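Trainee: This is a predicted model, with the sequence first.
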Amino acid sequence: MNWLFGLLYRLVGWRTIGHAPTELKKGIWLVSPHWYNSDFFVGVGVRAYINLKIGYLGKSALFKWYSGWLFRGLGGYPVDRTKNNNLVEAVAATFQENETIHIAIAPEGTRSNVSKLKTGFYYMALKAKVPIILVGFDYPRKAVVFGDVIYPTGDFVKDMKPIYDFFLTIQGPKKEWLVNYAQTGEIPLPKEGR
């Protein structure tokens, strides 16, 4: 079925720009902006096109008895956002337990407009000692753009700057995208305790 998603991705007119670092054994694929449910199918399509198994974190509500089999079959890991659990620790442990694993994360945490990115992905990558691969869904160009590979150092502002700079080059379906950073150039600091 993977080949079918890859074919559909190309048939509907999407293309890739840049190098997809498929040679990496592990990584967090930071995918943004995420505005529509249909982004999921673009993501599954490009994943098939580059021929790399990349899982994703999805809200547990998607993994009901009637739909969970489909989302798990497509690489999904359910996340319960209503419980006070340590997702950063759990994802980092999953990376450490697997020789090869890739997970895609939408850093907005919502399909609404955001002025800053959530930071859980950063701490997951830092704790697991895995790179962050930047991936932009550029709607006007119908292109999935692969950016730099970021190796987090623990210097939050220094590490986040190229991430924000990259996503400012990606045009989502709406104009209001990371407006605060675009205007000030200041990296929003995480809340204490993330």
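Mentor: That came in fine, so what should we check first?
Trainee: Just the CA atoms of stretch 50-61, as PDB, please.
Mentor: This file holds the C-alpha atoms of stretch 50-61, laid out as PDB (Å, rounded to 0.1, in the frame of the first residue of the first chain):
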ATOM      1  CA  ILE A  50      11.000   9.000   0.000                       C
ATOM      2  CA  ASN A  51      10.600   5.400   1.000                       C
ATOM      3  CA  LEU A  52      11.200   5.800   4.800                       C
ATOM      4  CA  LYS A  53       9.200   4.400   7.600                       C
ATOM      5  CA  ILE A  54       8.300   7.400   9.800                       C
ATOM      6  CA  GLY A  55       5.800   7.100  12.600                       C
ATOM      7  CA  TYR A  56       3.900  10.000  14.100                       C
ATOM      8  CA  LEU A  57       2.300  11.000  17.400                       C
ATOM      9  CA  GLY A  58      -1.500  11.400  17.200                       C
ATOM     10  CA  LYS A  59      -4.100  12.400  19.800                       C
ATOM     11  CA  SER A  60      -5.600   9.300  21.400                       C
ATOM     12  CA  ALA A  61      -9.100  10.300  20.300                       C
END
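Trainee: Tell me the gap between it and the middle of its chain.
Mentor: Between the centre of stretch 50-61 and the centre of its chain there are 9 Å (C-alpha atoms, centre = their mean, to the nearest Å).
Trainee: pLDDT (mean, whole number) over it?
Mentor: Averaged across stretch 50-61, the pLDDT comes to 82.
Trainee: Enumerate the positions of that stretch that are buried.
Mentor: Across stretch 50-61, burial judged by 16 or more other C-beta atoms under 10 Å covers 50, 52, 54, 55, 56, 57, 58. The C-beta positions use only the backbone N, C-alpha and C, and glycine is treated the same way.
Trainee: Noted, bye for now.
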